[in-house]
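Visitor: Provided below are the primary sequence and the corresponding predicted coordinates.
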Amino acid sequence: MPVDGDLIPIILPSDHYQKVLDNPFGEAVLINDEWYAGPNRFFVHWSMVAVFRNFPLWLQQFLDPVDSIYASMAISKLLVQILLLILLASLITGGGKWFSRNYLLAVFLVIPFFQNSGYYYNSMGIIDQSITYTFFYALPVTFLVLYAYPFLFRHSWKWNWVKIVIWSILTVTLPLGGTLVPGVVLVGAVTLILVTHSNLIKKGNQNGVEQWVKGLKLQWSGWHIFFATSMVMVSLYSLYIGRNNIEGLTDTLSTIDRYTLLPKGLIQLLSEKPSYLLFFLVITVNVFLIRKFVDSPLFFPILKWVGVFVLLYLLLLPLGGYRDYRPLIIRRDTFLPVFLGLIVIYGYSSVILLNKLKGKTRLGYICLIGSFIMILTLADISELSNNHCEKHALETIAKSEKKVIALPEDCTIMSWDIRETSKSSKDLGEMLHHWRITKELKTIYQD
């Protein structure tokens, strides 16, 4: 894929992003009430700087400098996809053993949803074509799924000092390193409180605060309560300092207007391509078959609480502000937490049915799931050569003996826009020199 226009300004970094790297915890906001880009996103900026200033240089032991840039992005995306696939398969199988029959079945069911650049990418893409968006959305959400494991598998989860150290690090870094994380954490916390309260009512502990607290301690260990509380507090802090994000100054729509746009965005996302129609059809069939043929005491409570999480998330989404590149509030990136929840419901119910159905019903169901997987797989036709123009431009820059190089306007070059003046490519020249693509600083302009 071509390099997006945010990568170089972030990893150089440009003056626009230097402030966030100088203030890991948003100190400038607290002390001086300063406004700057991404005050609550230090760790994602730091991660991108660490990876893409160094990883391409290491890869140059095996690849030429130009190829090392694209390889570093491809490998990074692949690692995020593999980790998320592992986590989703584990969620679907209840933390089952790797390479067990059900685990491999879950992997097989989930893989087709990783649409890279095909027909359904714009509605169902999990790993963004833009490496910056992958780091800002898919990567932190993936680690947030990991963070949720102790709360989703509380009966089998055993804390040890290694886990405590890892979860302590994640508690600080995730809310200060992902666009969606603070909001998802708060929605997840409310859902968790509702689940806990529901369980206490079932056990007859609903009378009084003292009984509720006592019941809470019976359901959750001290470490569970500590990390849940800490994560909520850091997320609230992240949202507080995030108010001083200058990238949100373009938010000119009122809250009411944003809520008006949300249904339009949701309808457009779900109906623009038939992908979600097919997806919801399969989930509906799964629910019907489980209700009619299978005794699964866990499925419907899981369906209920995932539904509560999805509803709360969508209702709170407009409060996150407005961006002109996301005109209808919701897009595949902001829909990602909902989409992953739906995938878990689909995968969990499909594994149950494939194990429990018998005879012709099972055969018919296998045909249904097989057809659905085939449709998604065939739709994901990757455009492997769509960075050819950009790569050719970089190779031209590398070979040129000129310090200012004129290039045609055939494509963007590590930018969102055509670089019309040599001044606009100064950042490009610095990074190409750092990546050893050029031996000296060069600039370009396109005409």
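Guide: Thanks, I have the structure now.

Visitor: domains for this structure, by residue range?
Guide: 73-380, 387-446 (the TED database).

Visitor: As CSV, could you dump the C-alpha coordinates of the helix or strand bottoming out on mean pLDDT in the chain?
Guide: Within the chain, no helix or strand scores below helix 209-219, which has a mean of 73 by mean pLDDT, DSSP states H and E. C-alpha atoms of helix 209-219 as CSV (Å, rounded to 0.1, in the frame of the first residue of the first chain):
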residue,chain,number,x,y,z
VAL,A,209,-25.1,-0.7,49.3
GLU,A,210,-23.3,-2.8,51.9
GLN,A,211,-24.8,-6.0,50.5
TRP,A,212,-23.9,-4.9,47.0
VAL,A,213,-20.2,-4.2,47.9
LYS,A,214,-20.0,-7.5,49.7
GLY,A,215,-21.4,-9.3,46.6
LEU,A,216,-19.0,-7.4,44.4
LYS,A,217,-16.0,-8.7,46.4
LEU,A,218,-17.4,-12.2,46.1
GLN,A,219,-17.5,-11.9,42.3
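
Visitor: gap between that helix and the chain center?
Guide: Centroid displacement of helix 209-219 relative to its chain, using CA atoms, centre = their mean, to the nearest Å, is 34 Å.

Visitor: Same question for stretch 339-353.
Guide: 18 Å.

Visitor: Could I get the buried residue list for it?
Guide: 339-353 (16 or more other CB atoms under 10 Å). Just so you know, the C-beta spots here come from the backbone N, C-alpha and C atoms, and that holds for glycine as well.

Visitor: hang on, residue 231 packs against residue 186?
Guide: No - counting by CB atoms under 8 Å, residue 231 does not reach residue 186; the two are 9.5 Å apart.

Visitor: so who does residue 47 touch?
Guide: 135, 139, 177 (CB atoms under 8 Å, 6 or more residues apart in numbering).

Visitor: and the residue lying closest to the last one once chain neighbours are set aside, which of the three is it?
Guide: The shortest distance from residue 177 to any residue that is not its chain neighbour, by CB to CB, 6 or more residues apart in numbering, is 3.1 Å, and that residue is residue 43. The assignment at residue 43 comes out as helix when based on DSSP: H, G, I helix; E, B strand; the rest coil.

Visitor: Could you count how many residues lie near residue 43?
Guide: 20 (other CB atoms under 10 Å).

Visitor: among the contacts of residue 47, which are in helices?
Guide: residue 139 (DSSP state H).

Visitor: which of the contacts of residue 47 lies closest to residue 298?
Guide: residue 139 (29.8 Å; CB to CB).

Visitor: residues contacting that closest one?
Guide: Taking CB under 8 Å, 6+ apart as the test, what residue 139 contacts is 44, 47, 80, 178.

Visitor: State the distance from residue 223 to residue 199.
Guide: 19 Å (CB to CB, to the nearest Å).

Visitor: could you list every residue that touches the residue most central in space within the chain?
Guide: The centroid of the chain falls nearest to residue 138 when counting by CA atoms, centre = their mean (2.1 Å). Neighbouring residues of residue 138 by CB under 8 Å, 6+ apart: 80, 84, 126-128, 336.

Visitor: Residue 305: which of those is nearest?
Guide: Nearest member of these to residue 305, counting by CB to CB, is residue 336, at 18.6 Å.

Visitor: doesn't residue 127 make contact with that closest one?
Guide: No - the pair residue 336 and residue 127 fails to qualify as a contact (CB under 8 Å) at a distance of 10.2 Å.

Visitor: Mind listing what's buried along the helix or strand hosting residue 225?
Guide: Using DSSP states H and E, residue 225 maps to helix 222-242. Of the residues in helix 222-242, 224, 226-228, 231-232, 234-235, 237-239, 241-242 count as buried by neighbour count, 16+ other CB under 10 Å.

Visitor: got JSON lines for those, with pLDDT too?
Guide: Formatted as JSON lines, the buried residues of helix 222-242 follow (pLDDT from 0 to 100):
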{"residue": "224", "pLDDT": "94"}
{"residue": "226", "pLDDT": "96"}
{"residue": "227", "pLDDT": "97"}
{"residue": "228", "pLDDT": "96"}
{"residue": "231", "pLDDT": "98"}
{"residue": "232", "pLDDT": "98"}
{"residue": "234", "pLDDT": "98"}
{"residue": "235", "pLDDT": "98"}
{"residue": "237", "pLDDT": "97"}
{"residue": "238", "pLDDT": "97"}
{"residue": "239", "pLDDT": "96"}
{"residue": "241", "pLDDT": "96"}
{"residue": "242", "pLDDT": "94"}
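
Visitor: Mind jotting down where the strands sit in this protein?
Guide: Assigned by DSSP state E, the strands in the chain fall at 404-407, 443-446.

Visitor: So which of these is nearest residue 256?
Guide: Judging those by CB to CB, what sits closest to residue 256 is strand 443-446, at 42.6 Å.

Visitor: State the paired neighbours of the closest one in the sheet, together with their directions.
Guide: strand 404-407 (parallel) (DSSP bridges).

Visitor: and for the partner strand, what are the contacting residues?
Guide: Outside strand 404-407, the residues that reach it (CB under 8 Å, 6+ apart) are 393, 396-397, 413, 422, 442-447.

Visitor: Can you pick out the most distant pair from the residues you listed?
Guide: 442 and 447 (16.6 Å).

Visitor: Comparing those two, which residue is more hemmed in?
Guide: residue 442 (23 against 10).

Visitor: And the pLDDT for that one?
Guide: What the model reports for residue 442 is a pLDDT of 94.

Visitor: give me phi/psi at it?
Guide: Residue 442 adopts backbone torsions of phi -130, psi 150, taken as degrees, to the nearest 10.

Visitor: dump the residue contacts of it.
Guide: 397, 400, 402-405, 429, 432-433.

Visitor: just to revisit the earlier point, so which of the contacts of residue 139 is the closest to residue 274?
Guide: residue 80 (27.0 Å).

Visitor: From residue 191, how far out is that closest one?
Guide: 25 Å.
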